[in-house]
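S.K.: Following is a predicted model, sequence given first.
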Amino acid sequence: MAITENGHIELLPSGSYRVHVYAGTDPVTGKPRRLKRTVKTQAKAAQELANMLRAAEAQSAPDDAATLGLALERYLEVADLGVSTRATNETYIRRVIGPHQCDGRCGPLRDHRTTRRHVCDQRCRPHRCKGLAPSSIVRVHAIISAAMNLAVRYEWIERNPAERVTLPRVRKREPNPPSPEDAARLLNHVWERDEEFGLYLWAAMTMGARRGELLALREDRFDFDHQEITVGKNYLVRNGQRIEKDTKTGEWRRLSIDALTCELFADHFVRRRTAAAGVGVVVPANAFVFSPEPTGSVPWNPDTMTHRHERYATAVGISSSLKELRHYSATQLLSNGVDLRTVAGRLGHSEGSTTLRFYAQFARPADQHAAAVLSQQLADLRKKHQTRPIVDEPIPATSQ
């Protein structure tokens with residue numbers, strides 16, 4: 001394999017070749033910059049090594065020749081982003097902000113139902129160009145602005161031109177959860193056809209956890225004696241890669257569950273072990289709760305749960321999405337007087353202001369109760385210490 005002072009080529013077990021290049025120390029983070037590319041042939045690897053070495057040398061001091069593309073490249077290298085956020089930002093950069101290298105996802109102008117190889121059917125519809133939503137524009141601007149801030153720190157430019165942009169107003173999304181009656185109809189319909197998915201919907205409605213958080217639940221995180229469950233992981237699939245990562249806030253939280261929910265899950269675990277024993281399979285104590293495998297070795301794909309909910313919801317005439325079940329949990333708790341801090345804790349919001357921003361209208365009963373409490377308290381104190389009536393009595397008219 002070719003070896004140079006700042007780079008080398010590695011032969012992978014798959015037969016492909018990986019090119020490694022040392023591109024110096026990043027002046028902002030102080031960390032070494034190591035570039036990697038994977039190609040299929042040795043000839044392409046040698047060519048890629050030469051190209052990457054030239055690029056690394058040119059980028060070490062790009063001065064006035066630095067481009068937005070280079071700034072975005074460096075941004076993705078040094079930004080501390082979560083897996084999901086990084087994938088989303090890379091998609092915006094590839095499809096909206098800058099030029100890209102076409103791959104299997106770039107074909108005729110069609111909106112494909114999946115990025116994987118597939119046979120197109122009626123779900124792959126002709127593409128219709130439309131403008132970005134205000135929220136997407138704000139997201140794209142945030143990426144460009146972050147890259148430009150980095151360019152300022154590298155002293156490629158004197159100021160960030162994105163700071164003077166006027167952004168569109170993003171309307172607050174109003175939650176549209178199902179009514180309690182619709183939620184009950186949906187549960188009854190699903191439970192008759194798919195008990196495991198019915199239990200998943202039950203958990204979504206009663207716990208208010210995120211889709212991936214429910215899929216990351218393991219049996220050993222249930223404490224039936226104390227009627228508690230620990231939520232500490234989030235499960236997602238990106239480009240075919242299964243990832244179990246920390247929750248959105250990075251914190252573990254303990255949720256109380258009622259006796260009925262404990263009974264439903266305990267029965268589910270017993271039935272699973274009984275079915276597994278019948279085929280000579282052992283279910284481990286840390287098995288995933290919702291899994292297509294008898295041993296609970298892997299969770300369901302999150303998108304699978306979304307599609308299943310969509311089919312069942314459509315069958316019973318409900319327009320709410322799977323995510324709206326999380327809103328259902330929050331709105332019902334707030335509407336029934338549960339305090340904001342408790343609701344925020346169950347939802348996994350790091351601050352109560354996040355909960356209040358989306359669900360303020362549903363906290364009105366508690367707010368009205370608070371107003372009545374304060375008013376009554378002050379009225380009682382005034383009566384106790386009054387020197388004159390709170391409401392003046394009308395002065396009788398005197399005869400002339």
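M.R.: Alright, I've got the coordinates. As the structure is a computational prediction, the values presented were derived from the model and not from experiment.
S.K.: residue ranges with poor pLDDT in the stretch 51-200 of the chain?
M.R.: By pLDDT under 70, the weakly predicted segments of the stretch 51-200 of the chain are 57-65, 99-113, 115-116, 127-129.
S.K.: which stretches of it form strands?
M.R.: Secondary structure of the stretch 51-200 of the chain by DSSP state E, counting those that start in this stretch: the strands cover 110-111, 125-126.
S.K.: Correct me if wrong: residue 168 contacts residue 134.
M.R.: Yes: judged on CB atoms under 8 Å, residue 168 makes contact with residue 134 at a distance of 4.0 Å. Where C-beta positions appear, they are placed from N, C-alpha and C, glycine not excepted.
S.K.: CA atoms of whichever strand or helix holds residue 276 as PDB?
M.R.: Here residue 276, judged by DSSP states H and E, is contained in helix 259-278. C-alpha atoms of helix 259-278 as PDB (Å, rounded to 0.1, in the frame of the first residue of the first chain):
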ATOM      1  CA  ALA A 259     -51.000  -0.700  38.400                       C
ATOM      2  CA  LEU A 260     -52.900  -1.500  35.200                       C
ATOM      3  CA  THR A 261     -49.900  -0.500  33.000                       C
ATOM      4  CA  CYS A 262     -47.600  -2.700  35.200                       C
ATOM      5  CA  GLU A 263     -50.000  -5.600  34.700                       C
ATOM      6  CA  LEU A 264     -50.200  -5.200  30.900                       C
ATOM      7  CA  PHE A 265     -46.400  -5.200  30.500                       C
ATOM      8  CA  ALA A 266     -45.900  -8.000  33.000                       C
ATOM      9  CA  ASP A 267     -48.300 -10.200  31.000                       C
ATOM     10  CA  HIS A 268     -46.600  -9.300  27.800                       C
ATOM     11  CA  PHE A 269     -43.200 -10.400  29.200                       C
ATOM     12  CA  VAL A 270     -44.700 -13.700  30.400                       C
ATOM     13  CA  ARG A 271     -46.400 -14.400  27.000                       C
ATOM     14  CA  ARG A 272     -43.200 -13.700  25.200                       C
ATOM     15  CA  ARG A 273     -41.200 -16.100  27.300                       C
ATOM     16  CA  THR A 274     -43.800 -18.800  27.000                       C
ATOM     17  CA  ALA A 275     -43.800 -18.500  23.200                       C
ATOM     18  CA  ALA A 276     -40.000 -18.500  23.100                       C
ATOM     19  CA  ALA A 277     -39.700 -21.500  25.300                       C
ATOM     20  CA  GLY A 278     -42.000 -23.400  22.900                       C
END
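S.K.: Name all residues that make contact with residue 274.
M.R.: Residues near residue 274 by CB atoms under 8 Å, 6 or more residues apart in numbering: none.
S.K.: Bridge partners for residue 39, pull those for me.
M.R.: residue 17 (DSSP bridges).
S.K.: what about the residue lying closest to residue 8 once chain neighbours are set aside, which SS state?
M.R.: Nearest residue to residue 8, sequence neighbours excluded (CB to CB, 6 or more residues apart in numbering): residue 20, at 5.5 Å. Secondary structure, DSSP: H, G, I helix; E, B strand; the rest coil: residue 20 is strand.
S.K.: roughly how far apart are residue 7 and residue 35?
M.R.: To residue 35, residue 7 is 8 Å away according to CB to CB, to the nearest Å.
S.K.: before we move on, what about residue 196?
M.R.: In terms of CB to CB, residue 196 sits 45 Å off from residue 35.
S.K.: same check, this time on residue 139
M.R.: Counting by CB to CB - residue 139 and residue 35 are separated by 27 Å.
S.K.: domain parsing for the protein?
M.R.: Annotated domains of the chain cover 7-164, 180-362 [automatic domain parsing].
S.K.: Fine by me, we can end here.
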